[in-house]
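> model the structure of this input:
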Amino acid sequence: MTSLNEVKSNNKKLILDLVKSKKVISRADLSRLSSLTRATISSLTSELIDEGFLEERGIGDSKKGRGGRRPVLLSFDTKKRLIAGIDLHWDHFQIAVSNITGEILVEETHQFPGRLAPDEYFGKVNSVFTDIYERNGISGSLSGIGVSLYGVVDTLNGVLKFPSHMHWPQIDLKEYLGELPAPVFWESRSAASLVAETWFHQELYTKKGVIVFINVIEGIGGAVMMNGEILKNKGISTGEIGHTTVDLDGELCTCGRRGCLEAYVSDKKLVESYVDLLDNLHLPKESIRDMAREISRMALLGELPAVKAVQKTAKFLGVGIGNVINFLSPNYVIIGGFITEAWSVVEPIIKEEVAHRALPGLSISTEVVKNNYGDRSGLVGAIAVAIRERIRKV
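Next up is the predicted model:
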């Protein structure tokens with residue numbers, strides 16, 4: 001049996017969801033859209049104002065022809081509750097602070113000098129976070145912290161089970177990040193990226209059905225959402241498309257197996273393909289990620305070796321997407337990462353390959369689109385995860 005506290009919490013979430021959707025709304029419209037009484041709306045919105053979620057935004061217009069008192073409008077309070085996001089890569093990390101609507105107020109990127117042991121790595125993250133926290137005067141106002149990571153993440157227990165690209169054993173995240181000054185919510189980067197898309201751009205995607213996110217970065221990650229929830233098995237996200245096999249005797253993957261899709265689709269693989277077209281020159285000394293992004297941009301401008309390298313990567317990506325469509329028949333497949341920089345080159349290759357690989361009745365029901373944040377989606381996703389979880393805990 002549902003308790004009164006659960007009913008109250010659910011009603012608060014409903015109110016916050018309506019405010020999120022409408023941006024600015026009156027109590028009368030909240031009552032009408034939620035089917036809650038005006039007295040209930042008045043009581044709950046007062047609590048949400050006291051808790052720092054909502055604020056009175058000003059006076060609206062009275063309904064046409066009705067006259068009477070003009071309504072007081074409500075919106076999210078953008079000053080009282082702040083959120084932090086941390087996106088962790090093997091060679092760098094990003095930290096940002098936003099308000100409850102996701103508007104980023106502070107953002108910094110920090111590089112690592114090379115592959116570090118866990119103590120050094122997380123020590124640097126904690127040190128930088130503390131510095132940002134104190135330097136920007138946000139002490140006492142953080143409501144939640146989202147952390148996105150690449151690899152297999154057990155979000156129930158806060159354990160990085162398979163730290164892909166890190167060469168570590170599994171990591172107890174609570175041990176290394178447990179002193180952060182607000183509740184922490186962990187998520188895989190692809191799952192966090194998918195939350196960012198559907199949380200901040202809910203008007204673009206259906207609330208019912210299946211949405212898949214595929215992230216092309218150091219490797220290729222994936223996540224699946226069904227009816228608004230990330231699919232998980234005991235806290236671990238499904239959708240590790242990067243480690244599906246596309247060639248039994250293929251190239252060696254970072255996971256130690258051969259023929260994984262990730263062995264053919266990654267920032268490093270794109271750079272290698274590009275260099276091969278330039279008489280096998282050595283890999284550049286710059287960041288592989290930055291070079292992959294630059295190759296994608298050059299492809300967009302029509303530079304022939306860049307176009308060919310991107311097309312090769314896109315073809316393998318299309319094979320993976322075709323497999324996803326055959327298995328899940330999702331409403332959307334959202335592509336993120338550096339490769340979206342060359343979307344006008346990538347999109348037709350992916351669609352051609354999907355049409356060839358996916359069953360006709362399935363491929364026409366799936367829309368393949370690029371994401372809204374490029375390769376910043378992990379950072380924005382960390383923020384979105386923290387906002388969503390804080391709102392869910394009202």
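> could you name the helices and strands sitting against the host helix or strand of residue 98?
Take DSSP states H and E as the rule and residue 98 turns out to sit in strand 92-99. With contacts defined as 3 or more C-beta pairs under 8 Å, 6 or more residues apart in numbering; DSSP states H and E, strand 92-99 has these neighbours: strand 82-88, strand 104-111, helix 118-135, helix 377-392. Where C-beta positions appear, they are placed from N, C-alpha and C, glycine not excepted.
> pLDDT weak spots in the protein?
Filtered on pLDDT under 70, the chain yields the residue ranges 1, 62-68, 139-140, 279-286.
> list the residues that contact the residue nearest the centre of the chain.
The chain has residue 193 as the residue nearest its centroid, 1.4 Å off, counting by C-alpha atoms, centre = their mean. Contacts were defined as C-beta atoms under 8 Å, 6 or more residues apart in numbering; by that measure residue 193 touches 148, 213, 215, 223, 336, 371, 373, 377, 378, 380, 381.
> turn those into TSV, columns for distance to residue 288 and neighbour count.
TSV is the format used below for the contacts of residue 193 (distance: C-beta to C-beta, whole Å; neighbours: other C-beta atoms under 10 Å):
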residue	distance to residue 288	neighbour count
148	20	32
213	22	31
215	16	31
223	23	28
336	17	28
371	21	23
373	20	20
377	18	29
378	17	32
380	22	29
381	22	33
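> out of the residues you listed, who's nearest residue 29?
Checking those against residue 29 with C-beta to C-beta, the nearest one is residue 380 at 29.1 Å.
> check which residues of stretch 334-351 are buried.
Using 16 or more other C-beta atoms under 10 Å as the test for burial, stretch 334-351 gives 334-343, 345-347, 349-350.
> right, I mislabeled it, should have said stretch 244-251
Of the residues in stretch 244-251, those scored as buried under the neighbour-count criterion (16+ other C-beta under 10 Å) are 244, 246.
> quick one: distance of that stretch to the chain centre.
Counting by C-alpha atoms, centre = their mean, to the nearest Å, stretch 244-251 is centred 28 Å from the centre of its parent chain.
> what residues does it touch?
By C-beta under 8 Å, 6+ apart, the list of residues contacting stretch 244-251 from outside reads 257, 258, 259, 260, 261, 263, 264, 316, 319, 320, 323.
> in contact with the residue lying closest to residue 82 once chain neighbours are set aside, which residues?
With sequence-adjacent residues excluded and distances taken as C-beta to C-beta, 6 or more residues apart in numbering, residue 82 is closest to residue 141, at 4.8 Å. Under the criterion of C-beta under 8 Å, 6+ apart, the contact partners of residue 141 comprise 80, 81, 82.
> can you check residue 185 too?
Residue 185 is in contact with 144, 145, 146, 147, 155, 385, 386, 389, counting by C-beta under 8 Å, 6+ apart.
> just checking, residue 23 touches residue 74?
No. Assessed by C-beta atoms under 8 Å, residue 23 is found out of contact with residue 74, at 10.1 Å.
> more crowded one of these two?
Summary of the neighbour comparison: residue 23 and residue 74, criterion other C-beta atoms under 10 Å, with residue 74 having more neighbours (27 against 11).
> not counting sequence-adjacent ones, nearest residue to that one?
If the residues on either side of it in the chain are set aside, residue 74 comes closest to residue 54, at 5.2 Å by C-beta to C-beta, 6+ apart.
> and residue 334, which of the three is it?
The three-state label given to residue 334 by DSSP: H, G, I helix; E, B strand; the rest coil is strand.
> thinking again about what came up before, in TSV, list the contacts of residue 193 along with distance to residue 206.
Formatted as TSV, the entries for these read as follows, by distance: C-beta to C-beta, whole Å:
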residue	distance to residue 206
148	24
213	15
215	21
223	16
336	19
371	16
373	20
377	20
378	24
380	21
381	19
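> okay but residue 349 is in contact with residue 315, surely?
Yes. Assessed by C-beta under 8 Å, residue 349 is found in contact with residue 315 at 5.7 Å.
> residue contacts, the nearest residue to residue 205 once chain neighbours are set aside?
Once its chain neighbours are removed from consideration, residue 205 has its nearest residue in residue 198; the separation is 5.4 Å (C-beta to C-beta, 6+ apart). With C-beta under 8 Å, 6+ apart as the criterion, the residues that contact residue 198 are 205, 211, 225, 228.
> which of the residues you listed sits closest to residue 328?
Minimum separation from residue 328 among the contacts of residue 198 (C-beta to C-beta) is found for residue 211, which lies at 9.7 Å.
> paired strands for the helix or strand hosting that closest one, with orientation please.
Applying DSSP H and E as the criterion places residue 211 in strand 210-216. The sheet places strand 210-216 alongside strand 220-226 (antiparallel), strand 332-337 (parallel), with pairing taken from DSSP bridges.
> ok, which of the ones you listed comes nearest residue 8?
Distances from residue 8 to each of those were compared by C-beta to C-beta, and the smallest falls on strand 220-226, at 27.3 Å.
> now the helix or strand that that closest one is followed by, how far from the centre of its chain.
Sequence-wise, the next helix or strand beyond strand 220-226 is strand 229-230, with elements assigned using DSSP H and E. Averaged C-alpha coordinates place strand 229-230 at 12 Å from its chain's average position (C-alpha atoms, centre = their mean).
> mind listing the strands strand 229-230 pairs with, and their directions?
Each strand pairing with strand 229-230, determined using DSSP bridges, is listed with its direction: strand 220-226 (antiparallel).
> what angle separates the strand it pairs with from helix 377-392?
Angle, strand 220-226 to helix 377-392, by axes from the mean of the first three to the mean of the last three C-alpha atoms, to 10 degrees: 30 degrees.
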